[in-house]
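Enquirer: Build me a model from this:
(2 chains)
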Amino acid sequence: MAKKITKRTEDFSQWYQDVIREGKLADHSPVRGCMVIRPNGYALWENMQDSLDQMFKDTGHENAYFPLFIPKSFLSKEAQHVEGFAKECAVVTHSRLQSTDDGVEVDPDSKLGEELIVRPTSETIIWDSYRDWIQSYRDLPILINQWANVVRWEMRTRLFLRTMEFLWQEGHTAHSTKEEAVEETRQMLEVYRTFAEEYMAMPVKTGVKTESERFAGAVDTYCIETLLQDNKALQAGTSHFLGQNFAKAFDVKFQSAEGEHEYVWATSWGVSTRLIGGLIMTHSDDQGLVLPPKLAPNQVVIVPIWKSDEQQEQVLDYCQEIIDELDALNIRIKLDDRENMSPGWKFNEHEAAGIPLRLTIGPRDIENNNVELARRDTLDKNIVSREGIAQKVDELLDTIQDDLYESAQNRIQENTHSVDSYDEFKDVIENEGGFIYAHWDGTAETEEKIKDETKATIRCIPLEDGEEGECMVTGEPSKQKVLFARAY
RNA sequence: CGGGGAGUAGCGCAGUCCGGUAGCGCAUUCGCUUUGGGAGCGAAGGGUCGCAGGUUCAAAUCCUGUCUCCCCGACCA
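Expert: This next block holds a predicted model:
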């Protein structure tokens, strides 16, 4: 039978789409740029949500929900912010349809008095509420997160990486001091780093964005950036220090202990279903999806093998005992006892779905009191004794999680370069790609020139101090090397 | 939004140039045989050819418009 997944070396972009299709993660929708997230993809997202949500709560945040629609006037209050989003907003202008001979049309009489914007992000509608909630320093901080969908009218889309509607979480906090808000911004950046590395097994670089890459309305935008298998960078999460910009725009003041009226300090931070795209392009291979055990909807699949009815009963009993033992350790397990498919077919299907570990159990194994373990990440198969199988599986899942991180880490390290001249920079970006550290003079002009000439952008300025030097383009002084890459 | 490619059964495709009864592989359903890396034989079901107009005795095929997808740009999480 023909291979259904294009090889990465042949056509990376086609491979990505094939992996999503074969892994049953998502379909295209009839609406341009939107996607249907299928049960496999949504279960993955739910696991990501659960882990993140717990981390948010552990750092003192609460969930709330604000409306999908934002009055148009709200978006014009913060100049930088509106400029950033104006070109990609969906606008609701009417409230009714009416029947016609061949369908329906918009009822012109239902034109809205004030048009509504489908949220591209919720800063404005949330800060409108915060104004009412905040009077005194005793009302602060406010630490709120919401899980929501947002819409940005993108020109060019890709499943998970950039869709017009996407799912995300957005945290919005209000503080009485600048220091506390900055600390919050950095804390959430660390939460994202921890989540990416420990749950997704996806190593990231952290840093602060340059002015041109900064979130509209932010004072500072911090980010986590990862490097994918095609050596392109992906911004995987952002955390913004918003200063007093939104407090001023929405007139949100509090009375301090000293009795002074001061503007509130703000942050916002978010990660989206884009993370799933990053996850796919970090670990998956030519057989399909590879998922880290901590997030995989199913961590283990059992494929039973039998010939006679008698064997079938025997094998399924043997499987059930093992399932009970794995259940006791809270391992997410699925038994694939479908009778109309051959074992080989199932192997391929579960590999394409990215299930981290497969147990194959047939008469031969029962005879010898064994189980066959097959790792999805390495495709290694091993026969192990049935005794203590749950412990072995549990440990092996941990090992797979660690190995995925390590192999991604090695790949990223091998593709992270440091250069001193622009010629060298151009050579690396053109022939190898990957992350490149280089000196930059700090001006938007130089950044733009580099982007025009090489398609590489500054992904972030590292937080830790680096060695001083000279800009690779202009020779002007540079405080430290910054991280460049071609990016999605 | 500009340039290029594509849309025919659930998936992958042929047929389109040159108009004339809509096909192939896989998948699906039923039966039997099978089952340790995408099983075999037999039978069956499934398509307003993306959508809307037009030309024609006749349109998957020609013309116009439109929607969606992919690639390359500009823009962006």
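Enquirer: how much space between A:Ile361 and A:Glu321?
Expert: A:Ile361 is 10 Å from A:Glu321, where distance means C-beta to C-beta, to the nearest Å. In this view, the C-beta of every residue, glycine as well, is placed from N, C-alpha and C.
Enquirer: right, I mislabeled it, should have said A:Ala247
Expert: 61 Å.
Enquirer: So which of the two has more stuff around it?
Expert: Using other C-beta atoms under 10 Å, the more surrounded residue of A:Ala247 and A:Glu321 is A:Ala247, with 23 against 11.
Enquirer: packing partners for the host helix or strand of the more buried one?
Expert: Following DSSP states H and E, one finds A:Ala247 within helix A:245-249. Judged by 3 or more C-beta pairs under 8 Å, 6 or more residues apart in numbering; DSSP states H and E, the packing partners of helix A:245-249 are helix A:79-85, helix A:123-133, strand A:265-272.
Enquirer: and if we set it to 10 Å?
Expert: helix A:79-85, helix A:123-133, strand A:165-175, strand A:261-263, strand A:265-272 (3 or more C-beta pairs under 10 Å, 6 or more residues apart in numbering; DSSP states H and E).
Enquirer: from these, which stretch is densest packed?
Expert: strand A:265-272 (a mean of 26; mean count of other C-beta atoms under 10 Å).
Enquirer: mean confidence score for that strand?
Expert: The pLDDT scores in strand A:265-272 average 97.
Enquirer: Would whichever helix or strand comes after it count as contacting RNA strand B?
Expert: Counting by DSSP H and E, the next helix or strand C-terminal to strand A:265-272 is helix A:274-283. Yes: with C-beta under 7 Å from any atom of the strand as the criterion, RNA strand B is reached by helix A:274-283 at A:Arg274.
Enquirer: other SSEs contacting the lowest-mean-pLDDT helix or strand in chain A?
Expert: Lowest on mean pLDDT, DSSP states H and E among the helices and strands of chain A sits strand A:103-106, with a mean of 79. Identification of packing neighbours for strand A:103-106 by 3+ C-beta pairs under 10 Å, 6+ apart yields strand A:97-100.
Enquirer: is the strand it packs on anywhere near RNA strand B?
Expert: No: contact of strand A:97-100 with RNA strand B is not found when judged by C-beta under 7 Å from any atom of the strand; the minimum separation is 13.5 Å.
Enquirer: hang on, the earlier thing: which neighbours do A:Ile361 and A:Glu321 share?
Expert: Residues touching both A:Ile361 and A:Glu321 by C-beta atoms under 10 Å, 6 or more residues apart in numbering: A:Arg386.
Enquirer: For A:Leu161, give me phi and psi.
Expert: phi -70, psi -40 (degrees, to the nearest 10).
Enquirer: cool, and A:Thr185?
Expert: Per degrees, to the nearest 10, the backbone of A:Thr185 is at phi -60, psi -50.
Enquirer: Any idea how many residues pack against it?
Expert: 28.
Enquirer: same question, the one 5 residues further on
Expert: The local packing count at A:Glu190 equals 15, with neighbours defined by other C-beta under 10 Å.
Enquirer: now A:Gly113
Expert: 4.
Enquirer: quick one, what contacts it?
Expert: With C-beta under 10 Å, 6+ apart, A:Gly113 has no contacts at all.
Enquirer: Mind checking the pLDDT average for the host helix or strand of A:Cys319?
Expert: Using DSSP H and E, A:Cys319 maps to helix A:309-328. The pLDDT scores in helix A:309-328 average 94.
Enquirer: What of stretch A:233-250?
Expert: 96.
Enquirer: again, but for stretch A:456-469
Expert: Mean predicted lDDT for stretch A:456-469 stands at 94.
Enquirer: and it, how far apart are its ends?
Expert: 20 Å (C-alpha to C-alpha, to the nearest Å).
Enquirer: give me the number of residues near A:Glu367?
Expert: 8.
Enquirer: no no, A:Cys34
Expert: That count, for A:Cys34 with other C-beta under 10 Å as the rule, works out to 15.
Enquirer: looking at it, it is touching A:Leu167, isn't it?
Expert: No: the pair A:Cys34 / A:Leu167 is not scored as a contact, 11.6 Å apart, by C-beta atoms under 10 Å.
Enquirer: Is there any residue in the helix or strand encompassing A:Glu114 that contacts RNA strand B?
Expert: Assigned by DSSP H and E, A:Glu114 falls within strand A:111-118. No: Strand A:111-118 does not reach RNA strand B (C-beta under 7 Å from any atom of the strand); its nearest approach is 12.6 Å.
Enquirer: How far off centre is that strand?
Expert: Taking C-alpha atoms, centre = their mean, to the nearest Å, the mean C-alpha location of strand A:111-118 is offset from the chain mean by 31 Å.
Enquirer: tell me the mean pLDDT for it?
Expert: 92.
Enquirer: repeat for stretch A:141-153
Expert: 96.
Enquirer: One more: stretch A:44-63?
Expert: pLDDT averaged over stretch A:44-63 gives 98.
Enquirer: Ok, stretch A:23-40 next?
Expert: pLDDT averaged over stretch A:23-40 gives 87.
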